[in-house]
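In: Structure, please.
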Amino acid sequence: MDMGQAEEAQNIENPEEQVTVQHPEKLVNETPESFVNGFNLVTEIVVSYGWYVILAVVVIFYLRHRFRSNISQLMKEKSDRDYYKKYDTKTAFARQEGRQRALMRMQEENDIKAKELCEREMQKEEEKKLQRIEEWENHKQGKAYRSKHYQPKEEEPVSTSQEKKPKPKSTFRPDDYNPLMGIARSNGFRPRQRSSRGG
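Out: The predicted structure follows:
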């Protein structure tokens, strides 16, 4: 057996013994190399060009403070111009005219449909009037009056050999069933007898 296998076997046989791991006395947190290089580069730039950077920052803040009102005024004027372009009187008037034309066109279409419907209704009324007059004339002349609702069907000649016999109606109830009489086979409902109880 190897030495490592012997130790493993001994650890398996004696699980109560704990294995001790040696820790270094002082833990050191190592910083990444890229972070250190970046930090060194920034510090070199500040050391070399620090006064120039500070001067540029001061100038930028001064110019921003000096021209802040002018910049905000220019931005406001630009937004106002855009607003007035969108809602100027000519554009608004053109939009209103377009709406009016569309409404007039829809109204004309609606009027045409209403006239057509009215003409159809008048035509139907005229046809009904003429039909009533014709029926009255037929009635005066003694001809048979036929209702417009009743139209007799033409009867087909039925051969005697193929006469249709009416089928008897099948019901699931007995012939002597009467719903008012109750079920014939049962005794029916009997109310409870009243007994006087003395006290």
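In: SS state for residue 26?
Out: coil (DSSP: H, G, I helix; E, B strand; the rest coil).
In: Just give me the neighbour total for it.
Out: Residues lying near residue 26 (other CB atoms under 10 Å) number 5. Where you see a C-beta, it was placed from the backbone N, CA and C, and this is true even at glycine.
In: Quick one: find the helix or strand in this structure with the lowest mean pLDDT.
Out: helix 3-13 (a mean of 56; mean pLDDT, DSSP states H and E).
In: Quick check: next helix or strand after that one?
Out: helix 33-86 (DSSP states H and E).
In: On the C-terminal side of that next one, identify the next helix or strand.
Out: helix 89-141.
In: where in this structure is pLDDT low?
Out: Scanning the chain for pLDDT under 70 picks out the ranges 1-19, 144-163, 170-171, 173-175, 177, 181-191, 196-199.
In: burial measure for residue 124, as a count.
Out: Neighbours around residue 124, by other CB under 10 Å: 10.
In: One more: residue 138?
Out: 13.
In: For it, give its distance to residue 131.
Out: 11 Å (CB to CB, to the nearest Å).
In: same check, this time on residue 83
Out: As judged by CB to CB, residue 83 and residue 131 stand 69 Å apart.
In: Same check on residue 40?
Out: For residue 40 relative to residue 131 (CB to CB), the value is 110 Å.
In: How about residue 114?
Out: Distance from residue 114 to residue 131, by CB to CB: 26 Å.
In: repeat for residue 71
Out: Taken as CB to CB, the span from residue 71 to residue 131 is 87 Å.
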